[in-house]
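**Q** I would like the atomic coordinates for the input below:
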Amino acid sequence: MTEGPNIPSAQVEGGHPKGGRLWRIMVVTVFLFLFAGFMGLGIWQVQRLAWKTALIERVDNRIHAAPVDAPAPDVTITRNDHEYLRVKATGRFRHDLETPVKAVTDLGPGWWIMTPLETDRGFTVLVNRGFVPAEMKLPESRPAAPEQAAVTGLLRLDEGHSGFMRDNDPAANNWYAREVKAILDARGVTGETASYFIDAQPTADTPADSYPRAGLTVVRFANSHLVYALTWFGLAGGSLFGMVLVLRERRRHRQNV
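**A** Down below sits the predicted model:
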């Protein structure tokens, strides 16, 4: 029997001496790229977790702190520094300019009653006096409210529109989101106005069954960043494990050829 030529083992892979080496380099590069990407996403979620935890703690402290004077219109209001700040204001309610805004609460569907408050400090701030059921939308369906008032509540900024929320229609007086400027403009409020509104809280002498029902502000922050971080880190570890399996299977295949 005639023996074939003695081919170096390095030439068997891929038809040329460097075929096996290039294949391993490509596999390692791809899996290390995946590992780095997953680790980066995991680290980003850890950073988001720290930010969200600090935000929740900061908001919780604001909600339970002693109220401060409602910021004047010349103060720059930001979500990071002011949202859910507990504030107070005194002045005269303009009940003739109230605006009902569609609401869904733990008490069912109904309306938020948004009423301008002409403060003793010379500017107007919109106040969410609270929730009323559908049958109490009109002012005459509710007990008369005093004009002079001292309000304590949480500073809120405009609501963002979700994909399921309809756009406000000021011309038809149909309101689905609490948008300060749009509501004040529609009611013809002039002069200095605050860029935020106040979610009123009930006072100690407010009857529990009174309407508008104040104090229904929901303060809830989704915080799933730890779960996301663990998922990304798990995928990073899985990519390394996958690389080892692929290289090991390739080696086993070569040994059986």
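
**Q** sec struct for Ile198, please.
**A** Three-state assignment for Ile198 (DSSP: H, G, I helix; E, B strand; the rest coil): strand.

**Q** For Lys88, which non-adjacent residue is closest in space?
**A** Leaving aside its sequence neighbours, Lys88 sits nearest to Pro67 (Cβ to Cβ, 6 or more residues apart in numbering; 4.1 Å). Quick note: C-beta positions are derived from backbone N, CA and C, even for glycine.

**Q** Any figure for the gap between the one you found and Lys102?
**A** Distance of Pro67 to Lys102, computed by Cβ to Cβ, to the nearest Å: 28 Å.

**Q** same deal with Thr76?
**A** From Thr76 across to Lys102, the span is 30 Å (Cβ to Cβ).

**Q** Between the two, which is the more surrounded one?
**A** It is Lys102, of Thr76 and Lys102, that has more neighbours when counted by other Cβ atoms under 10 Å, with 18 against 8.

**Q** The more buried one - that's part of a strand, no?
**A** Yes. The assignment for Lys102 is a strand, going by three-state DSSP.

**Q** let's number from 37 now, not from 1
**A** Taking 37 as the first residue, the last one we looked at is Lys138.

**Q** Mind listing the residues bridging to it?
**A** Trp147 (DSSP bridges).

**Q** what residues are up against it?
**A** 145, 147-148, 210-212 (Cβ atoms under 8 Å, 6 or more residues apart in numbering).

**Q** and the gap between it and Asn209?
**A** Distance of Lys138 to Asn209, computed by Cβ to Cβ: 12 Å.
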